[in-house]
Each structure stands twice: as structure tokens, then as C-alpha cells.
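Asker: next input, structure requested:
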Amino acid sequence: MKIHIIIGTRPEAIKMAPVIKGLSHFPKISSTVIGTGQHADLLEGMLASFGLSMDLHWPYSLGRTQHELLSELLLRCANFWQENPADLVLVQGDTSSAWGAAQAAVLMGIPVGHVEAGLRTYQLDAPFPEELNRQWISRCASLHFAPTKRAFDTLRKEQVQGEVHLVGNTVVDALGEMLREAKPPQEKKYDMLVTAHRRESFGGGIASIAIALSELSSNYRIGVIVHPNPQSKDVFEAHLAGKSNIDLLEPVPYEEMPHLLMATRLLLTDSGGLQEEAPSFDLPVLVLRESTERQELIESGAGVLVGTSREKIIEESKAILENEARYTAMSNAVNPFGDGLSGVRIAEICHEWLFAQHKK
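Answerer: Numbers count the residues shown, from 1 in each chain. So this is what the prediction gives:
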């Protein structure tokens, strides 16, 4: 039985690593890990940190339109699977690489398993194109691996075809492996750690965040991880370069990120992955988005949705950092994203499902 695992970006590699490891325990399953190339310089190193490697890495042409890149991916997948058939294709999350591979597989009659299925904002432009991608994948997948009860219920309400399984989020598994070697710092380096690079915040939103951080820096130590996209990088550098109490940081390797999160009191982010990871560090979160598909963070009490409003960012940052009771309550919120066994559950379900299909 052959499973092909599609990975396009670093977050996909992180969240698929526990699944790849889980599948390795089933000798009758042959797994092939295929990189679609978006983060070509990061995928090999990311998987290596988990003791894994890529089996195949397709080239990726930067600077082309989404239409061209998706067309290329569809054709590449189709040609590959024509020569190398698979019994199941696994994709993760909501990237264009996940959508393209899922569509190509279904068109060739290959079943698709969707890891981290069921996340929704129901706003097609927030995030864009991710919301479109995950809804499209849900329409064609045979196996849906929901990370939370909310996601599970969403898929049930949408009456998707195929099987829906509640498995937890594999990022908790990945973090658990990283944290085994990490030691908490003696003292916090930053009062606030910030990441902001969502497409829907480009322009006025990023500028508003930067202005808020500039004002907060008079009282707090702030680290800003600057995304290389000029739409984000140029704005942060224009507003914050040279400011006392603010460090503009290069993107941090995943294996170093746990140390930085442990050295932080409050996380401000528009990253979906960091929203999921923060509760594992007892780290309160301000979500720099107008809506989030990870409502569990808000409902658990570990996070607050503030968007890109300068006023809300300043108000909530101060309210959390200067109110010990509130800070403690947010830090002690129960992690809603899983128990660290998601990869094993997904592998077991795939194994049982494939055997059932072969018996038909």
C-alpha cells in the first residue's frame, strides 16, 4: 500500500513530520514524501530536525503567477502519479500546494486525506486564498483529520463526503519533540514577541501594528520577527528601525523558536501556526487578525482577537501585561489543540482505511 505525502512549505513539514513518523510503524505501508518546492531551502533542514528526509523534491519557479504555478503543479502531479500510482495522497492545511495536489489526485481517481481539516472563517478573503483552498479540499477528500472538536463539528455540519476523524493537531506532537531538549530561561528576554505578515494586513494594517509597537516600546521590551516579504519588512523597518527597546529579528529556525517563545511574556501574531503553538508554552496571545479560523484559542481564554487596530493592540497589551490575575488566567488556559498523539492516530486510521479499501 502506497501513501504519497505532499509538502510545500515549512509549516507543512512541521505538521506532517509526526504523521510520517507514525506511518513508519506500519511495514505494509510504503510512504513517499514529496516536496513541491515553495520553501525548497527550508524543507530538507526542517525534516532533518525530526530525523526525516524528502524522497522527491520538485523544482519551483519563483516570481510566477498563482495560475501558472498551480497549472504546473497539477500537470506535474498528474504525470508523476500516472507513472507512480498511489493508494492515498495526504495533504496538510490550506496552502495552494495542498489544494493543487488534492485536485490532481482526485482527477486521477486517487483518494485524498486532509490533515488539519475543518478550519473555517467563512470569509473567502480572510485569509486569502487559504480559506478557499481548505474549503475546496474538504469537498474532495476521502479522509478528514480534524484537529479540534469545533473543526470536527464544522465538517459534520457541512456534510462532507468521506470519513471525519477527530485527531488533535500534529503541531503539538512536533512541539513536544522539540521541547524535550529545551530548558526554560532564567528570565524573560521580551515582554512582547511579534510576527505579522498576512496578505490581508498589507498596507494600512501592518503600518497600524508598527505604530502601536512604536508607542508600546517606551515601556516594554519588544522583539519583532520580520518576514522577508517587502510589504511587511519595509513597513516595520521604516517605523521601528533604531527604536530603543525594539529588536528587529531575522526569521527564526523552527528548532530555535521554542527558546524564543519561552523567553517571551506575550505573543502578538497573525500566524495560524503560532496561535496553535502558544498554549504549549503557557503564552498569552493577541491575534493580529480581524477573524481567526482557530477560535478555540479565543474560547479557551488563551487569546484575544485584536485585529490590526492600533488602539486595541495598545489597550490589550497593557491590560494583560499589567494585570497579574488576567495574565495568570490566560497563561493557565487548557491547551485546546491536542495531546501530542495526533500523528499516531492519523497513521493508524490510514492503515485501517487502506486495508478496508483493499478488501472491497
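Asker: tell me which element residue 268 is part of?
Answerer: When elements are assigned from DSSP states H and E, residue 268 belongs to strand 264-269.
Asker: specify the local secondary structure of residue 274.
Answerer: Three-state secondary structure (criterion: DSSP: H, G, I helix; E, B strand; the rest coil) places residue 274 in helix.
Asker: picking up where we left off before, I'd like to check what contacts the strand holding residue 268. Which residues are they?
Answerer: Applying C-beta atoms under 8 Å, 6 or more residues apart in numbering, the external contacts of strand 264-269 come out as 188-196, 209, 223, 261, 274-275, 278, 283-288, 313, 317, 320-321, 327. Yep, even glycine has a C-beta here, placed from its N, CA and C like the rest.
Asker: same thing with stretch 180-192?
Answerer: Contacts of stretch 180-192 from elsewhere in the structure, counted by C-beta under 8 Å, 6+ apart, are 213, 216, 220-223, 247, 258-260, 262-268, 317, 321.
Asker: endpoint to endpoint, it covers what distance?
Answerer: For stretch 180-192, the first and last residues are 24 Å from each other (C-alpha to C-alpha, to the nearest Å).
Asker: wait, residue 327 sits on residue 284?
Answerer: Yes - Residue 327 is in contact with residue 284 according to C-beta atoms under 8 Å; the separation is 6.4 Å.
Asker: hey, what's in contact with both of the two?
Answerer: Shared contacts of residue 327 and residue 284, defined by C-beta under 8 Å, 6+ apart, are found at 265, 320.
Asker: so the two - more neighbours on which side?
Answerer: residue 284 (28 against 16; other C-beta atoms under 10 Å).
Asker: tell me how far that one lies from residue 353.
Answerer: In this structure, residue 284 lies at 39 Å from residue 353, with C-beta to C-beta, to the nearest Å as the measure.
Asker: what of residue 88?
Answerer: Residue 88 sits at a distance of 8 Å from residue 353 (criterion: C-beta to C-beta).
Asker: which neighbours do the two share?
Answerer: Taking C-beta under 8 Å, 6+ apart as the contact criterion, the residues that touch both residue 88 and residue 353 are 142-143.
Asker: how about the strands in the stretch 101-250 of the chain?
Answerer: Counting by DSSP state E, counting those that start in this stretch, the stretch 101-250 of the chain has these strands, from start to end: 112-115, 143-146, 163-166, 190-195, 222-225, 246-249.
Asker: pull out the buried positions in the last one.
Answerer: This points to strand 246-249. Taking 16 or more other C-beta atoms under 10 Å as the neighbour-count basis, strand 246-249 is seen to contain the buried residues 246, 248.
Asker: middle-most residue in this structure, spatially?
Answerer: Using C-alpha atoms, centre = their mean, the residue of the chain that lies closest to the mean C-alpha position is residue 273, 3.5 Å off.
Asker: pLDDT below threshold where in the stretch 101-250 of the chain?
Answerer: Scanning the stretch 101-250 of the chain with the threshold set as pLDDT under 70 gives 181.
Asker: on that earlier part again, pairing partners for the strand holding residue 268, with directions?
Answerer: Partners of strand 264-269 in the sheet, by DSSP bridges, are strand 190-195 (parallel), strand 285-287 (parallel).
Asker: pull it out as PDB, backbone CA atoms only.
Answerer: Output of strand 264-269 as PDB, limited to C-alpha atoms (Å, rounded to 0.1, in the frame of the first residue of the first chain):
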ATOM      1  CA  THR A 264       8.600  35.900  26.000                       C
ATOM      2  CA  ARG A 265       5.700  37.100  28.200                       C
ATOM      3  CA  LEU A 266       3.100  38.000  25.500                       C
ATOM      4  CA  LEU A 267       2.800  36.900  21.800                       C
ATOM      5  CA  LEU A 268       1.300  39.200  19.200                       C
ATOM      6  CA  THR A 269       0.800  37.300  15.900                       C
END
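Asker: ok so, going back, filter the contacts of stretch 180-192 down to the buried ones.
Answerer: The neighbour-count test (16+ other C-beta under 10 Å) applied to the contacts of stretch 180-192 identifies 213, 216, 220-223, 258-260, 262-268, 317, 321 as buried.
Asker: which other residues reach stretch 55-71?
Answerer: Counting by C-beta under 8 Å, 6+ apart, the neighbours of stretch 55-71 from elsewhere in the structure are 32-38, 40, 43-44, 72, 76, 96, 99-100, 129.
Asker: residues of that stretch that come out buried?
Answerer: When burial is assessed from 16+ other C-beta under 10 Å, stretch 55-71 yields the following buried residues: 57-58, 60, 69-70.
Asker: please apply the same query to stretch 333-346.
Answerer: The neighbour-count check on stretch 333-346 (16+ other C-beta under 10 Å) flags 333, 335-338, 340-346 as buried.
Asker: which among those gets closest to residue 166?
Answerer: Residue 166 lies nearest to residue 345 out of the buried residues of stretch 333-346, by C-beta to C-beta, at 8.8 Å.
Asker: and the closest one, what helix or strand is that in?
Answerer: With the criterion set as DSSP H and E, the secondary-structure element containing residue 345 is helix 342-359.
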